[in-house]
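Enquirer: Prediction below, plus the sequence it came from.
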Amino acid sequence: MMDQEKIKQGVRLILEGIGENPEREGLRETPERIARMYEEIYGGLTEDPSIHLQKTFRVDNDEMVMEKDITFYSTCEHHLLPFYGKAHIAYIPAGKVAGLSKLARTVEVFARRPQIQEKLTGQIADALTENLKSKGVMVMLEAEHMCMTMRGIKKPGSQTVTVAKRGRFLEEPKLVQEFYQMVR
Ligand SMILES: [Zn+2]
């Protein structure tokens, strides 16, 4: 689905643009390598996140379910540099839960696209709300952005934290408190 040729041409142009010689030995296969890598790190563009949330299990209670410290890697759409960190997800089931690994899969589908962290957080929350019909969802991402640490203001180790709340988490501060306690 991706246009590999176009990516290769683009990478060659960038190398020329920065004053490099794309024909020198170390760089000769770089366009090809990057084109293959993009298939992987931008593979989420052609993936439907709902497929991971279709298989569900029935439950009787409506206690909060949390999966925390899900490692993710994404790319900021402003600089095409990585940002990466941890995702914490909680939801209140309405009769059905998803397999725990499927939450991580859902994060991955959205992370493997050019992204901004705020949007990524909201997309994960919306996917859980829509597919599991959850009564409430809260998602928190903590990430380090290479565009902040290797360029620009250069603040290594600084974390960007984003939160998205849906349903009961918007109405019940106690649930939000419980979320933060469980994340810690
Ligand atoms: Zn950036």
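Expert: The structure has been received and is ready for your questions.
Enquirer: interface residues of the chain facing the ion?
Expert: Residues of the chain lying close to the ion by Cβ under 5 Å from the ion are 76, 78, 79, 147. In this view, the C-beta of every residue, glycine as well, is placed from N, C-alpha and C.
Enquirer: Could I have the PyMOL command that selects the buried members from those residues?
Expert: A single PyMOL command selects the buried members of these (16 or more other Cβ atoms under 10 Å):
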select buried, resi 76+79+147
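Enquirer: packing partners for the helix ranked longest in the chain?
Expert: For the chain, the helix with the greatest residue count under DSSP state H is helix 117-132. The contact analysis (3 or more Cβ pairs under 8 Å, 6 or more residues apart in numbering; DSSP states H and E) places helix 117-132 against strand 65-76, strand 82-92, strand 96-98, helix 100-111, strand 136-145, strand 160-167.
Enquirer: Can you get me the centre-to-centre distance for the second one and its chain?
Expert: In other words, strand 82-92. Using Cα atoms, centre = their mean, to the nearest Å, the mean C-alpha position of strand 82-92 is found 8 Å from that of the whole chain.
Enquirer: now the angle between strand 160-167 and that strand, please.
Expert: With axes from the mean of the first three to the mean of the last three Cα atoms, to 10 degrees applied, the angle from strand 82-92 to strand 160-167 works out at 30 degrees.
Enquirer: Enumerate every residue touching residue 38.
Expert: 2, 7 (Cβ atoms under 8 Å, 6 or more residues apart in numbering).
Enquirer: now residue 88: how far from the ion?
Expert: Distance, residue 88 to the ion, using Cβ to the ion, to the nearest Å: 22 Å.
Enquirer: Which strand residues bridge that residue?
Expert: Residues in a beta bridge with residue 88, per DSSP bridges, are residue 140.
Enquirer: I figured it was touching residue 64, is that so?
Expert: No - with contact defined as Cβ atoms under 8 Å, residue 88 does not count as touching residue 64 (11.9 Å).
Enquirer: Residues that sit against both of the two, list them.
Expert: Common contacts of residue 88 and residue 64 (Cβ under 8 Å, 6+ apart): residue 179.
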